[in-house]
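Participant: task: produce atomic coordinates for the following.
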Amino acid sequence: MPKKEKRKRNITGIVVASLYCIAFYAIIIESAAPNPPNNPFWVYALIPIGAIIITFLFDYVIKYDFFDEEKRR
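Facilitator: Purely as a prediction, here's the structure:
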């Protein structure tokens, strides 16, 4: 059985998705500063869903990797 070649991940998509997760988490937590957060559970599910959508968009739709040195030359 031939080995499958490992798919090259888009580093830009991973960085943008990580920044999205951190920023969205900070917005959710700080929205009700004096009181404890009282958000429905689906709001917290938006964090990983958004990260998956961002990485999918950069891997398959946009296909531009700012950190890839081989493609920029």
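Participant: output the lowest mean pLDDT helix or strand found in this structure.
Facilitator: Every helix and strand in the chain was compared by mean pLDDT, DSSP states H and E; the lowest is helix 69-72, with a mean of 69.
Participant: quick one: low-confidence ranges for the protein?
Facilitator: 1, 31-33, 36-37, 71-73 (pLDDT under 70).
Participant: helices along that one, start to end?
Facilitator: Under the criterion DSSP state H, the chain contains helices at 11-30, 41-56, 69-72.
Participant: right, and the ones you listed - which one's nearest I62?
Facilitator: Closest approach to I62 among the helices of the chain (CB to CB): helix 11-30, 7.8 Å. Bear in mind the C-beta positions are built from the backbone N, C-alpha and C, glycine included.
Participant: who wins for proximity to P2 among the helices of the chain?
Facilitator: Closest of the helices of the chain to P2 is helix 69-72, at 23.9 Å (criterion: CB to CB).
Participant: buried ones in stretch 7-18?
Facilitator: 10, 12-14, 16-17 (16 or more other CB atoms under 10 Å).
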